[in-house]
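1. Dropping the sequence and predicted coords here.
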Amino acid sequence: MRKIKVAIAGVGNCASSLIQGIEYYKDRGGDAFSGLMHPRIGGWGPSDIEVVAAFDIDCRKVGKSVEEAIFAKPNCTMVFQRALPVSGVKVQMGPLLDGVASHMAEYADDEAFRPINEESVDVARVLERAGAEVLVCYMPVGSEKAVRHYAQACLDAGTAMVNCVPVFIASDPEWAGKFRDKGLPIVGDDIKSQVGATIVHRMLTRLFGDRGVPLDRTYQLNTGGNTDFLNMKALDRLKSKKVSKTESVQSQLDKRLDSRNIHIGPSDYVPWQDDNKVAFIRMEGRGFGGVPLELELRLSVQDSPNSAGVVIDAIRCAKLGLERGLGGSLEAASAYYMKSPPRQMRDSVACELTDAFIQGIDIGGDAVEEASQTGTGE
């Protein structure tokens, strides 16, 4: 099949895992496809994705080939596929805007971004010339202006979008309407990892409700050592992330928790953890007879590979949307793959609706509407 031509905004750890994975799954079949949520979508496997453009602002990446740049500092994710083919694609200078927090300058060269003093390219023109069909947005948390710049570039170039960060585009009616008017699909916002803290917390929250145990209070505390965690030490950039993660869990409750009784968000940056993310979840509820029930869980994952398989799915769903002439937010895929979709659903329902979308089954808008009202904390 013809390759899916993809552009990447932000050549960090997540981009590294994604690009490594595209090659890792090349010519593999059977059990080698373990680790994927959908080995094939619309006939496309992971290796049917081709990176045709990439943007960054770090002097250690701009001007280098993509396959070289993904291993440059401050990237620190696990390397599971070192050998990569020559792509012929060089990382180009994207718009700086608010893509780098000012406090990053306080950290060592191998930890923080090092912006290059160079004029940015015309992103829309690059996308158009490269024939990019889907842009994957990996901007740092809090990069509101930068993400919107890339979203507008997609609209101008006729490129679909997968928004992996908590800047609200797909879930914003105005932006979703712009994509709909242009006939361009978007999957967003804020990627859920394959088995990450948020998806586990959502599942446990729903389990409490389904088993008749009222949840009184809960927290999720996360630590990590990648630039994502370093970036979020600036509390003003953390707001959208906390909203995204908190609302994702709240949506699974039959009755919302008071803000005092739910705390979810990154807690601290621990440099030696690198791309290892450790999550601590605590839940307190009441079972039969009002007897207290407490749950504590520790989850340790490699953060970037944990999201890459989900992004590979989202890219292929966005391509399906293009093939079918669908514009605007892909609601089922967004609910399944993202923390802050236009419509929150139970994950089991979102999975069923996404599978129906992949298979080309028209379930109708009423079914999506009904699903979004089921167990969403309204």
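-> Ah, there it is.
2. which residues of the stretch 201-350 of the chain fall in strands?
-> Secondary structure of the stretch 201-350 of the chain (DSSP state E, counting those that start in this stretch): strands located at 215-224, 262-269, 276-286, 292-302, 328-329.
3. Put together TSV for the ones you listed, with mean pLDDT on each row.
-> What follows is the strands of the stretch 201-350 of the chain, written out as TSV (pLDDT from 0 to 100):
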stretch	mean pLDDT
strand 215-224	97
strand 262-269	89
strand 276-286	98
strand 292-302	98
strand 328-329	98
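4. which of those is buried the deepest?
-> Of all the strands of the stretch 201-350 of the chain, strand 328-329 has the most neighbours on average by mean count of other C-beta atoms under 10 Å, namely a mean of 26. In short, each C-beta sits where N, CA and C put it, glycine included.
5. What pairs with that strand, parallel or antiparallel?
-> Paired neighbours of strand 328-329 in the sheet (DSSP bridges): strand 185-187 (parallel).
6. List the contacts of the strand it pairs with.
-> Contacts with strand 185-187, where a contact means C-beta atoms under 8 Å, 6 or more residues apart in numbering, come from 154, 160-163, 169-170, 175-176, 179, 314, 317-318, 321-322, 326-330, 333-334, 337-338.
7. Swap in 7 Å and give it another go.
-> With contacts defined as C-beta atoms under 7 Å, 6 or more residues apart in numbering, strand 185-187 is touched by 160-163, 169-170, 176, 179, 314, 317-318, 321-322, 326-330, 333-334, 337-338.
8. Please compute how far that strand lies from its chain's middle.
-> 12 Å (C-alpha atoms, centre = their mean, to the nearest Å).
9. now swap in stretch 5-19 and tell me
-> That offset, for stretch 5-19, works out to 11 Å (C-alpha atoms, centre = their mean).
10. Output it as CSV, nothing but the C-alphas.
-> Provided in CSV are the C-alpha atoms of stretch 5-19 (Å, rounded to 0.1, in the frame of the first residue of the first chain):
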residue,chain,number,x,y,z
LYS,A,5,3.3,10.6,4.8
VAL,A,6,3.8,12.1,8.2
ALA,A,7,5.3,15.3,9.6
ILE,A,8,6.5,15.6,13.2
ALA,A,9,6.5,18.8,15.2
GLY,A,10,9.0,18.3,18.1
VAL,A,11,11.8,15.8,17.6
GLY,A,12,12.0,14.7,21.3
ASN,A,13,11.7,11.4,23.1
CYS,A,14,8.2,10.6,21.8
ALA,A,15,9.3,11.2,18.2
SER,A,16,12.3,9.0,18.8
SER,A,17,10.2,6.1,20.0
LEU,A,18,7.8,6.5,17.2
ILE,A,19,10.5,6.5,14.5
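11. for this protein, what's the longest helix?
-> Criterion DSSP state H: the longest helix present in the chain is helix 303-323.
12. Can you point out the buried residues in that helix?
-> Residues of helix 303-323 classed as buried by neighbour count (16 or more other C-beta atoms under 10 Å): 303-322.
13. And stretch 73-88, by the same measure?
-> For stretch 73-88, the neighbour count (16+ other C-beta under 10 Å) marks 73-77, 84 as buried.
14. Closest one to M345 out of those residues, please.
-> M345 has its nearest neighbour among the buried residues of stretch 73-88 in T77, at 30.1 Å by C-beta to C-beta.
15. if I read this right, that closest one contacts S17, doesn't it?
-> Yes. Taking C-beta atoms under 7 Å as the definition, T77 is a contact partner of S17 at 5.6 Å.
16. Need the residues touching each of these two.
-> Both T77 and S17 are contacted by 304-305, under the criterion C-beta under 7 Å, 6+ apart.
17. The buried residues of stretch 73-88: which two are farthest apart?
-> The largest separation in the buried residues of stretch 73-88, counting by C-beta to C-beta, is between P74 and L84 at 19.5 Å.
18. Which one, of the strands of the stretch 201-350 of the chain, ends up nearest to R346?
-> Of all those, strand 215-224 sits nearest to R346, with 15.3 Å by C-beta to C-beta.
19. Using CSV, write down the CA coordinates of the closest one.
-> Only the C-alpha atoms of strand 215-224 are listed here, as CSV (Å, rounded to 0.1, in the frame of the first residue of the first chain):
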residue,chain,number,x,y,z
LEU,A,215,-14.8,7.0,45.6
ASP,A,216,-14.2,9.6,48.3
ARG,A,217,-10.8,10.9,47.3
THR,A,218,-7.9,10.1,45.1
TYR,A,219,-4.5,11.3,43.9
GLN,A,220,-2.0,10.5,41.2
LEU,A,221,1.6,11.6,41.7
ASN,A,222,4.1,11.2,38.9
THR,A,223,7.9,11.6,38.7
GLY,A,224,10.2,11.4,35.7
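20. Just the helices from the stretch 101-250 of the chain, written as ranges.
-> 123-130, 144-157, 173-182, 197-210, 227-231, 235-250 (DSSP state H, counting those that start in this stretch).
21. No more questions from me, cheers.
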